[in-house]
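# sequence first, then the predicted structure:
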Amino acid sequence: MSVFRTGDSLEGLYDPHSVQSILDFAKRLNGKSLAEVEFIPHEIANVKNKGDLGSLVETFYFRHTPGSFRGPDFREAGLELKTTGVIPTKGGLYKAKERLVLTMINYEEIAKEVWETSTFLSKCSLMLVLFYLFEAERPVVDRRFVLDPYLFQLEKHDLEIIKHDWETIRAKVLEGKAHELSEGDTYYLAACRKGSGGMGEALRKQPFSDIGAPARAFSFKPKFVTSWIQNIDKSRPISFELITDFGGFIADKFAPFTGETVGEIAEKIGASPRQSASKIFHRQLAVGMLRAGGGSIDELNKAEIEMKTIRLKSSGAPRESMSFPSFTFLELEKQTWSDSSFYAKLEKKFLFVVFRQDSDGVERFIGVKIWNMPYGDRLEAQRVWEDTKRRASIDARDLPKISESQVAHVRPKGRNGDDKILTLQGTLHLRQAFWLNASYIASIFR
DNA sequence: GCATGATCATGC
DNA sequence: GCATGATCATGC
C-alpha cells in the first residue's frame, strides 16, 4: 500500500501521454479491488454509490485529480476512463449490469454541433473501460476488478451505427422533439433518462420547442457493452461490420422468404411438422429465417431489438394481443413508470415478423417491420400502467380492461390457473401482465 | 367476433 | 424451476 497526495509524481507508474502505458498500468488492477492496492481514507472507504468508483480510481490509483475540463479524463492521451459493473451469467461469463452512461446531452449544444466536432466524439472516441464485479452490499472500493480493461476505439467499433444513432438523436432535437426521445430510437448509442425521474423532475430546455424535456445522457446499451465483455472473455478481436441502416440490414435477411407459406419456410429451415402445433412455431420460423440469412438473435440482442411475431388474419387484423412479461403486485407497488419493465420494453425498438393468412386459408410470411412506439402512445401506456398501480392497491380484481384504452390492457398470464401471487389486499390472485391491444397492433399496419 | 381467462413449449 | 412469448378455450 502506498500513501500519497494527488499531484505526486507519476514517475515509475505510467506515462499520461501514452495510451499503451495507461492501459498497462490499468491491467495491474485486474483481480484486485481499489482498497487492496491503495490506501483509501476512512471517510470514503464505505461509499456504496457506484458513481464514485470511477473518480476514486482516477484519484487514488491514477493519481489524477478529476477536473472540470470538458474533454477526456486523460487529456494528453485523449483517453476517457470509465468503470462499470458486471455480473455473472449462467453460462459462466460476465455481462454488463447496466448501460454505460457517457455524457449528458445538452439539447441546446447538440443542435449546433456536427458529428466530427461533437462533444460526444471528443469525449468518447477513445475510452478505457474497467470492469468490476458488482456486489450490492460491498463498498465500491472493495469491489474486485475482473477481466482485462477494455480499450474502446470508436473508429474500429461500429462507428457507422453509432454515428447514425447520434444523428438520429440530434435530428429529434432539431424537430423540437427532445421530450419524445426514447432508447428505442437507436441501436447501440441511446439517449437514456438521467436524473430523478418521476414527479419532481426538473425538465431541460430544448431549442426548437417550448416543451421541457427530461434530462438524458448518451449511453451505450447494456447488450452492446456485454458484446465487448464476451469478446474479451473469448480473447478474440471484436468483429464489426459497417452498417448504416441496421433496420434494412436485418430486413434483408428475411427478404428471401417473402411470400412463402409457413409450410415452405418450415421445410427450408428444417423445422419438423410436429412443431407446427406449438405456440412458438412462428417464432421458431422467424429465428430460422434470420439464421438462414446469416443473422442471429445475438445480433438483435446487441442492438436491444425486441423481436415479436405477428399473425394477421385474412382481414388484416392481428389474431392476438401482444403480451409482455408478467408482473407481481408487490413490485408494481414499489415501482414508478420509468423504472417499470413495461416502460423499458416500450422504449425499445421492435422487429415485427409478420405472417398473414390468405383468403384461401394459407398462411404466408409477408415481411418484417422495424418499429418503435410513438411518444403519444407511450404516454397512453404510462396512463394505463399508473391506473393499474392505483387500482391494484385497491382491488387486484379490477384492472384496466381492453375496452378502457386504445393501446394497452392488463390480463392474466401465468403457467396455469394455480399460478397465483399475493395481492396488496393479502389475497391470492392470478399473475398478470401488460398487453398491447390487438386493435392497436392493427393500427400500426394501417 | 371479441374479451377474458387459461395454458403451452421452450430456453435460460 | 420458472419466466417468457405466444396461443388456446370459453362464454357472451
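Thanks, I have it.
# any residues of chain A in contact with DNA strand B? List them.
Applying C-beta under 7 Å from any atom of the strand, we find that chain A lies next to DNA strand B at A:90, A:275, A:277-280, A:317, A:321, A:323, A:401-403, A:409, A:411-419, A:430, A:438-439. To be clear about C-beta, it is placed using only N, CA and C from the backbone, and glycine gets the same treatment.
# convert stretch A:366-385 to PDB, retaining C-alpha atoms only.
What follows is stretch A:366-385, C-alpha atoms only, in PDB (Å, rounded to 0.1, in the frame of the first residue of the first chain):
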ATOM      1  CA  ILE A 366     -45.300 -11.200 -45.700                       C
ATOM      2  CA  GLY A 367     -42.300  -9.300 -44.300                       C
ATOM      3  CA  VAL A 368     -40.700  -7.600 -41.300                       C
ATOM      4  CA  LYS A 369     -41.200  -4.100 -39.900                       C
ATOM      5  CA  ILE A 370     -38.900  -2.200 -37.600                       C
ATOM      6  CA  TRP A 371     -41.000  -0.100 -35.300                       C
ATOM      7  CA  ASN A 372     -40.800   1.900 -32.200                       C
ATOM      8  CA  MET A 373     -43.700   3.200 -30.200                       C
ATOM      9  CA  PRO A 374     -44.700   6.800 -30.900                       C
ATOM     10  CA  TYR A 375     -44.400   9.200 -28.000                       C
ATOM     11  CA  GLY A 376     -48.200   9.800 -27.600                       C
ATOM     12  CA  ASP A 377     -48.800   6.100 -27.400                       C
ATOM     13  CA  ARG A 378     -46.100   5.700 -24.700                       C
ATOM     14  CA  LEU A 379     -47.900   8.300 -22.700                       C
ATOM     15  CA  GLU A 380     -51.100   6.300 -23.000                       C
ATOM     16  CA  ALA A 381     -49.300   3.200 -21.900                       C
ATOM     17  CA  GLN A 382     -48.000   5.100 -19.000                       C
ATOM     18  CA  ARG A 383     -51.500   6.200 -18.100                       C
ATOM     19  CA  VAL A 384     -52.700   2.500 -18.200                       C
ATOM     20  CA  TRP A 385     -49.700   1.500 -16.100                       C
END
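# got the buried residues for it?
A:366-368, A:370-373, A:377-378, A:380-385 (16 or more other C-beta atoms under 10 Å).
# what element comes up after the worst-scoring helix or strand of chain A on mean pLDDT heading to the C-terminus?
Lowest mean confidence among the helices and strands of chain A (mean pLDDT, DSSP states H and E): helix A:42-45, at a mean of 70. Remark: after helix A:42-45, the chain's next helix or strand is helix A:51-56, criterion DSSP states H and E.
# output that next one as PDB - backbone C-alpha positions only.
Output in PDB follows, covering the C-alpha atoms of helix A:51-56 (Å, rounded to 0.1, in the frame of the first residue of the first chain):
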ATOM      1  CA  GLY A  51     -20.800   6.600  -9.500                       C
ATOM      2  CA  ASP A  52     -17.900   7.300  -7.100                       C
ATOM      3  CA  LEU A  53     -15.700   4.400  -8.100                       C
ATOM      4  CA  GLY A  54     -14.600   6.000 -11.300                       C
ATOM      5  CA  SER A  55     -13.500   9.100  -9.700                       C
ATOM      6  CA  LEU A  56     -11.900   7.200  -6.800                       C
END
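# gap between that helix and the chain center?
Centroid separation between helix A:51-56 and its chain, computed with C-alpha atoms, centre = their mean, to the nearest Å, is 22 Å.
# what helices and strands are in contact with it?
On a contact count with 3 or more C-beta pairs under 8 Å, 6 or more residues apart in numbering; DSSP states H and E, helix A:51-56 meets strand A:80-88.
# I'd like the average pLDDT over the strand it packs on.
If you average the pLDDT over strand A:80-88, you get 87.
# which residues touch the helix or strand following it?
For strand A:80-88, the following helix or strand on the C-terminal side (DSSP H and E) is strand A:94-96. Applying C-beta atoms under 8 Å, 6 or more residues apart in numbering, the contact partners of strand A:94-96 are A:84-89, A:131, A:133, A:146-147, A:222-223, A:225-226, A:229-230, A:233.
# go again with 6 Å.
Applying C-beta atoms under 6 Å, 6 or more residues apart in numbering, the contact partners of strand A:94-96 are A:86, A:88-89, A:222, A:225-226, A:229.
# could you flag which of the residues you listed are buried?
Of these, these count as buried by 16+ other C-beta under 10 Å: A:86, A:222, A:225-226, A:229.
# so which of those residues are in strands?
residue A:86 (DSSP state E).
# could you find the lowest-pLDDT member of the buried ones among the contacts of strand A:94-96?
Least confident by pLDDT among the buried ones among the contacts of strand A:94-96: that is residue A:229, with 82.
# how about residue A:370, nearest residue that isn't a chain neighbour?
Leaving aside its sequence neighbours, residue A:370 sits nearest to residue A:247 (C-beta to C-beta, 6 or more residues apart in numbering; 3.8 Å).
# burial of residue A:120, as a residue count?
By other C-beta atoms under 10 Å, the residues close to residue A:120 number 21.
# for residue A:12, see how far away it is.
Separation of residue A:120 from residue A:12 (C-beta to C-beta, to the nearest Å) stands at 35 Å.
# repeat that for residue A:384.
Residue A:384 sits 62 Å away from residue A:12, going by C-beta to C-beta.
# the stretch 201-350 of chain A against DNA strand C: which residues are in contact?
Counting by C-beta under 7 Å from any atom of the strand, the residues of the stretch 201-350 of chain A near DNA strand C are A:277, A:279-283, A:286, A:306-309, A:311, A:319-326, A:341.
# quick one: buried ones out of those residues?
Buried residues within those, defined by neighbour count using 16+ other C-beta under 10 Å: A:281-282, A:286, A:306-309, A:321-322, A:324, A:326.
# is it possible to get a markdown table of these that adds distance to residue A:112?
Output for those, formatted as a markdown table (distance: C-beta to C-beta, whole Å):
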| residue | distance to residue A:112 |
| --- | --- |
| A:281 | 52 |
| A:282 | 47 |
| A:286 | 43 |
| A:306 | 34 |
| A:307 | 37 |
| A:308 | 38 |
| A:309 | 43 |
| A:321 | 44 |
| A:322 | 40 |
| A:324 | 39 |
| A:326 | 46 |
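# who are the contact partners of residue A:313?
Applying C-beta under 6 Å, 6+ apart, the residues near residue A:313 are A:319, A:357.
# can you pull the pLDDT of it?
pLDDT, residue A:313: 90.
# would you map the helices across the stretch 1-150 of chain A?
Remark: helices assigned in the stretch 1-150 of chain A by DSSP state H, counting those that start in this stretch are A:19-27, A:34-37, A:42-45, A:51-56, A:107-112, A:119-124.
# next, the buried residues of stretch A:145-164.
For stretch A:145-164, the neighbour count (16+ other C-beta under 10 Å) marks A:145-152, A:154, A:157-158, A:161-164 as buried.
# about what we covered before: identify those among the residues of the stretch 201-350 of chain A next to DNA strand C that sit within strands.
Among these, the ones falling in strands (DSSP E) are A:306-309, A:311, A:322-326.
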